[in-house]
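S.K.: coords please:
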Amino acid sequence: MIPVRDSSIQHSAIRTTAACVIQRNGRFLMVEEMQGVAATVFNQPAGHVEPGEGPITAILREVQEETAWQVTLTGYLGLYVFHTANGLTFHSHGFIATPETRLTTPIDSDITAIHWLTLDEIKALDAVQRLRSPLVLKRIEDAINGRHFPLLVIQE
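M.R.: Next comes the predicted model:
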């Protein structure tokens, strides 16, 4: 039997992303990026899971592309579901990592700067709506509070 598609139902793709909380000496690695608005926004290193990738492969690639850091993943924060005001749905895989090596490779062109910020500095950015999404602070708080799982829960 061939399924019949109801054209009156609007289908929207779920966007799958990965983000990484990276902490060193009480500071968190953040990227400052352009998002088509007057002011830049701040985010963890993050990006879309590309075709053929799993979330672990994607986040290691994104961290290197956006920050020129190689990291070691140490935990999985979980899957965060986020619905935007304009109807998009994101499934964002959150990770924790430790920084290992700073490379000399260039970073993505949409990243204007990378910063090591304290939690208070990140909360100040949140207060003036400079974080890319509410998930940025949520992931950091979950990491600080030890709310994470072994990487083995993901099988790529």
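
S.K.: all helices of the chain, in order?
M.R.: Counting by DSSP state H, the chain has helices at residues 55-67, 119-127, 135-144.

S.K.: Show residues contacting the second one.
M.R.: It refers to helix 119-127. Contacting residues not belonging to helix 119-127 are listed as 28, 30, 42, 117, 131, 136-137, 140, 144 [C-beta atoms under 8 Å, 6 or more residues apart in numbering]. Just so you know, the C-beta spots here come from the backbone N, C-alpha and C atoms, and that holds for glycine as well.

S.K.: For PyMOL, write the select line for the buried members of those residues.
M.R.: Buried residues among the contacts of helix 119-127 (16 or more other C-beta atoms under 10 Å), as a PyMOL selection:
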select buried, resi 28+30+42+117+131+136+140
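
S.K.: correct me, but residue 131 touches residue 137?
M.R.: Yes: with contact defined as C-beta atoms under 8 Å, residue 131 and residue 137 form a contacting pair (6.2 Å).

S.K.: Mind listing residues that contact stretch 86-98?
M.R.: Identification of contacts with stretch 86-98 by C-beta under 8 Å, 6+ apart yields 12, 14-24, 46, 49, 55-56, 58-59, 63, 71-84, 135, 139, 142-143, 148, 154.

S.K.: Quick test: name the residue nearest the centre of the chain.
M.R.: When C-alpha atoms, centre = their mean is applied to the chain, the residue found nearest the centroid is residue 19 (2.2 Å).

S.K.: what about the closest residue to that residue other than its chain neighbours, how many neighbours?
M.R.: Counting by C-beta to C-beta, 6 or more residues apart in numbering, residue 46 is the residue found nearest to residue 19 once chain neighbours are left out, at 3.6 Å. Summarising burial for residue 46: neighbours were counted as other C-beta atoms under 10 Å, giving 25.
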